[in-house]
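> Build me a model from this:
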Amino acid sequence: MGGDHGPAVTLPACRAFLDKHPAAELLLVGTEAALAAAAAWPRCRVVAASEVVAMDDPVEVALRKKRDSSMRVAIAQLKPAGEGSPAADACVSAGNTGALMAVARYVLKTHEGIDRPAIATVMPNRRDSFTTVLDLGANVDCTPEHLLQFAVMGSALVSAVDGKEEPTVGLLNIGEEAIKGSETIKRAGELLRAAGAAGHINFFGNVEGNDIFKGTVDIVVCDGFVGNVLLKTSEGLASMLTEFIREEFTRSVWTKLAALVALPVLKHFKTRVDPRRYNGAALLGLRGLVFKSHGSADAYAFESALARAYDAARNRLLARVHDRIGPVLAALPSGAVAPEQAA
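Got it, this is the predicted structure:
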């Protein structure tokens, strides 16, 4: 029900997703009137919710006042019913990001050993692949232990979705040298190197911002403030470049002729930087799989988010996080537990 377009976009995306994934099933959560068109679809069931979290609703409204919102009801589908299994394996929403994070954390709680959830998504790189980056805005202030946890969760995500059993991890910094960065970053580097030496993660070392687009490592870890600025900047740059090319090749007859010659290259470039292809950010660290679609997503983009959530569930992402985080926490020196966990 959320996002800038609601069911006008999400319903066609869901139908396309079902057509391409014959083993998948969908629970569509929202008002019955808005979802009536999908009531008769095969492998699909409508779950009624009487309220909707608006994109401009404060977090406290979503958390305390709209208890029967489509967002909250959808997230609740991930909780086991008594001794049985949960109704759903993953939840996808295009709604209010702050509300989604708050409600998901309240309903599902964080995974044992993880203090804070993190938002992770992928960015295109020069290797004709993607670099996973986290955190992208869930945590503005992070301790070194949080960054270590992000590295473990990111490794589990890439392992599950992309099939890389030992993905490389880089710590975003102002330089490659271990002596550079704030005290938090330098301490995080120490923890990551120790975890790498113990075989818990495949730590590459410090990386800089351009390494994300070079594809130097599979995963880049940073705090949410830096990550969110990075994400918005890269999205703006991709949009600007696409628009610049479109304008330049429509200025004259000569540029139009040049455009015809360069058309295959331009199409490939547009496809590579199209953010719709990598829509669907994972909220890692929860006791359930929650994926956040961009609020302005069209049907193609929302379908991409559904596919990412489906792959994560099918490849047991939650179990992989559990298997990886335990040994890492056990190896931390005494007293190195983050404040939330100690409390």
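> Just list the residues touching the closest residue to Leu284 other than its chain neighbours, thanks.
Excluding its sequence neighbours, the residue lying closest to Leu284 (CB to CB, 6 or more residues apart in numbering) is Met153, at 4.1 Å. From N, CA and C alone the C-beta is placed, and that goes for glycine too. By CB atoms under 8 Å, 6 or more residues apart in numbering, the contact list for Met153 reads 114, 118, 120, 134, 284-285, 321, 324-325.
> Just the ones in strands from those, please.
118, 120, 134, 284 (DSSP state E).
> Just to check, Gly30 is in contact with Leu11?
No - in this structure, Gly30 is not within contact of Leu11 by CB atoms under 8 Å, at 9.6 Å.
> out of these two, which sits in the busier spot?
Set side by side, Gly30 and Leu11 show more neighbours around Gly30, with 26 against 19, by other CB atoms under 10 Å.
> Looking at strand pairing, list the partners for the more buried one.
Residues in a beta bridge with Gly30, per DSSP bridges, are Ala48.
> From Met1, how far out is it?
4 Å (CB to CB, to the nearest Å).
> Give the residues shared as contacts by the two.
Contacts common to Gly30 and Met1, judged by CB under 8 Å, 6+ apart, are 7, 49, 52, 70.
> For the stretch 51-200 of the chain, which segments are assigned as helices?
With DSSP state H, counting those that start in this stretch, the ranges of helices along the stretch 51-200 of the chain come out as 59-60, 70-76, 97-108, 144-162, 183-197.
> Which among these is found nearest to Pro124?
Of all those, helix 144-162 sits nearest to Pro124, with 13.7 Å by CB to CB.
> how about the CA coordinates for that closest one, as PDB?
Taking Å, rounded to 0.1, in the frame of the first residue of the first chain, the C-alpha atoms of helix 144-162 are listed here in PDB:
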ATOM      1  CA  PRO A 144      33.600  -0.500  16.000                       C
ATOM      2  CA  GLU A 145      31.600  -3.600  17.100                       C
ATOM      3  CA  HIS A 146      28.600  -2.500  15.000                       C
ATOM      4  CA  LEU A 147      30.800  -2.200  11.900                       C
ATOM      5  CA  LEU A 148      32.100  -5.700  12.600                       C
ATOM      6  CA  GLN A 149      28.600  -7.000  12.900                       C
ATOM      7  CA  PHE A 150      27.700  -5.200   9.600                       C
ATOM      8  CA  ALA A 151      30.600  -7.000   7.900                       C
ATOM      9  CA  VAL A 152      29.400 -10.400   9.100                       C
ATOM     10  CA  MET A 153      25.800  -9.700   8.000                       C
ATOM     11  CA  GLY A 154      26.900  -8.400   4.700                       C
ATOM     12  CA  SER A 155      29.000 -11.500   4.100                       C
ATOM     13  CA  ALA A 156      26.000 -13.700   4.900                       C
ATOM     14  CA  LEU A 157      23.900 -11.700   2.500                       C
ATOM     15  CA  VAL A 158      26.300 -11.900  -0.500                       C
ATOM     16  CA  SER A 159      26.900 -15.500   0.300                       C
ATOM     17  CA  ALA A 160      23.200 -16.300   0.200                       C
ATOM     18  CA  VAL A 161      22.100 -14.100  -2.700                       C
ATOM     19  CA  ASP A 162      25.100 -14.100  -5.000                       C
END
